Structures are given as C-alpha cells and as structure tokens.
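A.B. asks: sequence unavailable; structure follows:
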C-alpha cells in the first residue's frame, strides 16, 4: 500500500537553494490517502529520495542532501535545482504559498487501532512540496532571503513604519518617509483639497434586545418608520429557502461495521510466510519418557517422534464497482469511507473464519449445560475447561470467547452478590461491571465477546482456549487493485492472505448445550 502524508516544512534558503523541514512526525495523526494515519517511531528510515511538486513524479525539483531520524520524526534538507520550477518553489515556500511536505510511503506492516491506520514499518518512496499539509506540527520557522536581501531590507525599512517599545510603555509607531518632490507634494495637496467628506447616518434601528422589542411593537401598531425594518428582520429561512445552503458534515454515521476481531485477538499471532498457499509446522507427536530405575537397570527408551501440521493459506477479498463520476465529482470523504468499510468487511470475514475453526475443532464439554447457564453451571464449565486444556497442552487456559447471547447472560450472573464477570480489578469487586465491557474477566479468564460466535442456545457459544494452541498468521494486511474500463466505470479490489494453524485442537474447550 502506498500512502501520501502531508506535513509543513520548516525552513527555506534561497541563497543555498535549500529547503529544510520535518517531512514526517511520529505518532501524530493525519489524513492520508488511506484515511486517518499515524507512524510509529522509526517506522520509516531515512532515504535519499527526490523532491517533487504535488506528488507528480514527472516534476522533480530537488533531491535530499541530508535526512536524519530524531525522537520527533524525520527531518530533511533538499537541494533545489536551478530551474524555473525550482526557483518558483523557493519563492512559494518562502512566501508561505506552498510550504508543506508530503511523503509517499510504501507500507510493509501496519495495524488498525480504533479506526486509525498505525504504520509499524515501511519505506520512503518520495517527498513532495505541497500547498495543503494535513499534519500541522511542523511550521515554517525560518525563511532565508535572496542574495539581494540586504538591499531589499533597506528598501523595506524605508517604505514601512518601524516600531519600538519599552517595557511598560505603549507602542510608538514612527514611519520613515523619504523626501518627496515638489510635484508630489502639490499633487497630494490637490487630491486632499478635492476630496469631499463622507457622511454616515445612525441606523434607524438599534438591534439591542430592548430596542428590537420596541421596534417590533411599533411595527405591530402600524408605525411605518419601524415596519419596513422589522418586517425585513422577520424574514425567515422558510421564506428564503433558495438562499439557505444545506451543508454536509465530514463525519459519517456507520452502525453496520467495525474492524474488531475478537476470536483472532484471543489466540496467538504469527507472520505469514512470504510464498506458497500452504506451509508446515513441525509438531512433536511422541515425547521421550524417563523412569525411576534401579542401579544397573536399563534406561527408559521411548523415542521422540514428530510430524508436520499443514496449514492452508486463505485469501480474503472485497471489491466495489462505481463510475468515474462518483469518484471525481464527490467529496474525498467517499473514497476514504469506501476503503474503511471494505477493510471492516474483510476483518469481519477473517474473524468469522477463525471462530468457525475454533468451534469445529475444540473439545466438546462432556457435561450438558443449559442453553443459558446459571452462575454455578458457568463456574463448573470453566473448571472442566481449564483442566481439559492443561491436560492436552501442558499449558493453562487463559481466554474465553463468548457469543453475544452468552455475554449478555454472563453480565447478569453473580456469586453471592458478587459479579462473576468483571471489567476491572480487584476481581469480583461489586459494581465494576459495565454494559460496554466487551473485554473483562470471568473466573480468572480474559473474556472476548464475539458477535460472530454461535447463538446462546448453540454449541460453541462459549470457548475456553489456550492462545498458543491456535495461531493466526497474517502478512501485509491489505493490498489494493484498481482498474478502469472503457465505459468509465472503476473497479477497486482489496485483498489479503491469512492462515489459522490448529497446533493442538484440544487446546480449546467448547460448551455442550
């Protein structure tokens, strides 16, 4: 994925033909071509790149002569070419007309944090001088003058007033005026002599609260002096609807999608191999044994055996078709929101895929539970699940995944007045539960509420899991493809690859209704 991130430059030097500033600020959010984005510290390394105009790769105006990474971000100095475009760029930067930096970044690793694209690793492809930066932290701090700066400064001092001020005094302004010729003085006197004074009359209405009421009453009583003004003031938006614009805010209401993946968050994570549609993980199938032996007795000789767990790689993809008119003649918000919703749809599908694997492969509880268990039944289920997971993995269960129905039921359960499900420490503190506690703790297990899980009256609506028993492997999260056709339609595709490894199936334990 390639992003463009605008930031304001900090300095230019017309003499040395250099422009200096911060091209990227760590951990500060800004609007990019992929939506709201921030960069982790040192996620982008310094690199010798060209300086372009407005991300047009055919309009280079300079190159990097120095780029350093600081605790705040990437700072760079660019040598500007002795071309017309380069000279114009220096003038525009010094004048504040085009004083922003925008980077083009190829993203390798990233994550989504509450709808913000957080870049973890990427490479710098190019930097551009732009007019409208989105990240406002780096402002112009110093603009060097041209080679004629000394003479220009003197001329400026002669043409403009200078100000002096001492502590505690008001500011005195003393203009410096060059001597004028006689002709100039006579012309000025002539103009002053022919100018006529301009007269201003007091408004017939004073729009204070009291005067407005007075005039309103006079108009109602028939006072012609007030009527023409008060009636005009009474004109409302209904009478002049054609002159009242309707604004559309930049916020978008979306109650249909989000990017949370509870089932994936409840298991371990890994990096997807760089090639192939399947990969293998070695697995010990028979472990060596040791015995308590008498002196001279033979050693226990059980040989270790191993096999491979084969993991299929799956593709998750989404596409949208729309006309070029919709793309070019609508708000830029359309494209940002389109990508955000496509990413949310992909996250939902990936999460449902992993949840289905957990439900299908987890060990089924031998004890039948009520569809909606009581507090005692739930605690007994947790006990059986913890023992089963440890027996099969030699590790402890740490997480529990619940569907929406089980999550809602668990919020109402208590043990002698203390909530079983709590959202903060100390454990079982009365009143700690909140309705928005999608994450919490149930009898010592971290809870993940997942609306992709089966309904409350179905098997698998509660799953106790050792995170290391299942692993989600994911590479570069989202890749884009855009195509256009002769009729002007645009096709945008988003896809990614992922794999869920079932390392130890019995490392998960599901309810049996």
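C.D. replies: Yes, it's here. What you are looking at is a predicted structure, and each value in this text was computed from that prediction instead of being measured.

A.B. asks: and the nearest residue to residue 512 once chain neighbours are set aside, how many neighbours?
C.D. replies: Using Cβ to Cβ, 6 or more residues apart in numbering and skipping the chain neighbours, the partner closest in space to residue 512 is residue 365 (4.4 Å). All C-beta spots, glycine's among them, are computed from the backbone N, C-alpha and C. Neighbour count for residue 365, taken as other Cβ atoms under 10 Å: 20.

A.B. asks: can you give me the helices in the stretch 1-150 of the chain?
C.D. replies: 84-95, 149-159 (DSSP state H, counting those that start in this stretch).

A.B. asks: may I see the buried residues of the first one?
C.D. replies: For helix 84-95, a neighbour-count test (16 or more other Cβ atoms under 10 Å) marks 86, 87, 89, 90, 92, 93, 94 as buried.

A.B. asks: same deal with stretch 355-369?
C.D. replies: 355, 356, 357, 358, 359, 361, 362, 363, 365, 369.

A.B. asks: got JSON lines for those, with pLDDT and secondary structure too?
C.D. replies: Compiled in JSON lines, those are given as follows (pLDDT from 0 to 100; DSSP: H, G, I helix; E, B strand; the rest coil):
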{"residue": "355", "pLDDT": "95", "secondary structure": "helix"}
{"residue": "356", "pLDDT": "95", "secondary structure": "helix"}
{"residue": "357", "pLDDT": "96", "secondary structure": "helix"}
{"residue": "358", "pLDDT": "96", "secondary structure": "helix"}
{"residue": "359", "pLDDT": "95", "secondary structure": "helix"}
{"residue": "361", "pLDDT": "96", "secondary structure": "helix"}
{"residue": "362", "pLDDT": "96", "secondary structure": "coil"}
{"residue": "363", "pLDDT": "95", "secondary structure": "strand"}
{"residue": "365", "pLDDT": "94", "secondary structure": "coil"}
{"residue": "369", "pLDDT": "88", "secondary structure": "coil"}
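
A.B. asks: tell me which two in those are the farthest apart.
C.D. replies: By the measure Cβ to Cβ, 357 and 369 form the most distant pair in these, at 22.0 Å.

A.B. asks: output the below-cut-off pLDDT ranges for the chain.
C.D. replies: 1-15, 33, 133-237, 239-240, 331-332, 417, 419, 421-439, 477 (pLDDT under 70).

A.B. asks: domain assignment for it?
C.D. replies: Per the record, the chain has its domains at 2-144, 257-291+300-513, by automatic domain parsing.

A.B. asks: ends of the last one, how far apart?
C.D. replies: Here the two ends of domain 257-291+300-513 are set 30 Å apart, with distance taken as Cα to Cα, to the nearest Å.

A.B. asks: check stretch 356-372 too.
C.D. replies: So stretch 356-372: terminal residues 21 Å apart, Cα to Cα.

A.B. asks: quick one: which of the domains of the chain is nearest residue 249?
C.D. replies: Per Cβ to Cβ, nearest to residue 249 of the domains of the chain: domain 257-291+300-513, 9.5 Å.

A.B. asks: just give the nearest non-adjacent residue to the residue nearest the centre of the chain, would you?
C.D. replies: Centroid-nearest residue in the chain: residue 116, 1.8 Å away (criterion: Cα atoms, centre = their mean). Among residues not flanking residue 116 along the chain, residue 36 sits closest, at 5.0 Å (Cβ to Cβ, 6+ apart).

A.B. asks: show me what contacts that neighbour?
C.D. replies: 29, 30, 115, 116, 117 (Cβ atoms under 8 Å, 6 or more residues apart in numbering).

A.B. asks: ranking these by neighbours, who comes first?
C.D. replies: Of these, with other Cβ under 10 Å as the count, residue 117 tops at 24 neighbours.

A.B. asks: partner residues bridging that residue?
C.D. replies: In this entry, residue 117 is beta-bridged to residue 37, residue 112, by DSSP bridges.

A.B. asks: state the distance from the residue of the chain positioned farthest from its centre to residue 68.
C.D. replies: Distance from the centre of the chain peaks at residue 296, with 68.7 Å (Cα atoms, centre = their mean). For residue 296, the distance to residue 68 equals 71 Å [Cβ to Cβ, to the nearest Å].

A.B. asks: then residue 288?
C.D. replies: Relative to residue 68, and taking Cβ to Cβ, residue 288 is found at 54 Å.

A.B. asks: one more: residue 451?
C.D. replies: Going from residue 451 to residue 68 by Cβ to Cβ gives 47 Å.

A.B. asks: likewise for residue 290?
C.D. replies: Using Cβ to Cβ, one obtains 58 Å as the distance from residue 290 to residue 68.

A.B. asks: next: residue 490.
C.D. replies: On the measure of Cβ to Cβ, residue 490 and residue 68 end up 40 Å apart.

A.B. asks: and for residue 472?
C.D. replies: 37 Å.

A.B. asks: more neighbours: the two, which one.
C.D. replies: residue 472 (23 against 10).

A.B. asks: would the more buried one count as being in a strand?
C.D. replies: Yes - using DSSP: H, G, I helix; E, B strand; the rest coil, the assignment for residue 472 is a strand.

A.B. asks: who's in contact with it?
C.D. replies: 264, 267, 268, 269, 270, 354, 498, 499, 500, 501.

A.B. asks: ok, the closest residue to it other than its chain neighbours - contacts?
C.D. replies: Leaving aside its chain neighbours, residue 472 sits nearest to residue 264 (4.9 Å; criterion: Cβ to Cβ, 6+ apart). Residues in contact with residue 264 (Cβ under 8 Å, 6+ apart) are 350, 351, 354, 472.

A.B. asks: 10 Å instead?
C.D. replies: 347, 350-351, 353-355, 448, 450, 470, 472, 474, 498, 500 (Cβ atoms under 10 Å, 6 or more residues apart in numbering).

A.B. asks: now residue 344
C.D. replies: Neighbouring residues of residue 344 by Cβ under 10 Å, 6+ apart: 112, 115, 254, 256, 257, 258, 259, 260, 318.

A.B. asks: same check, this time on residue 359
C.D. replies: 263, 401, 403, 452-454, 458-461, 463, 508, 510.

A.B. asks: go again using 8 Å as the cut-off
C.D. replies: Taking Cβ under 8 Å, 6+ apart as the test, what residue 359 contacts is 453, 454, 459, 460, 463, 510.

A.B. asks: so what's the last one bridging to?
C.D. replies: It stands for residue 510. residue 364, residue 463.

A.B. asks: that one against residue 454, yeah?
C.D. replies: No - between residue 510 and residue 454 there is no contact under Cβ atoms under 8 Å: 9.3 Å.

A.B. asks: overlap in contacts, those two.
C.D. replies: Common neighbours of residue 510 and residue 454 (Cβ under 8 Å, 6+ apart) are 359, 460.
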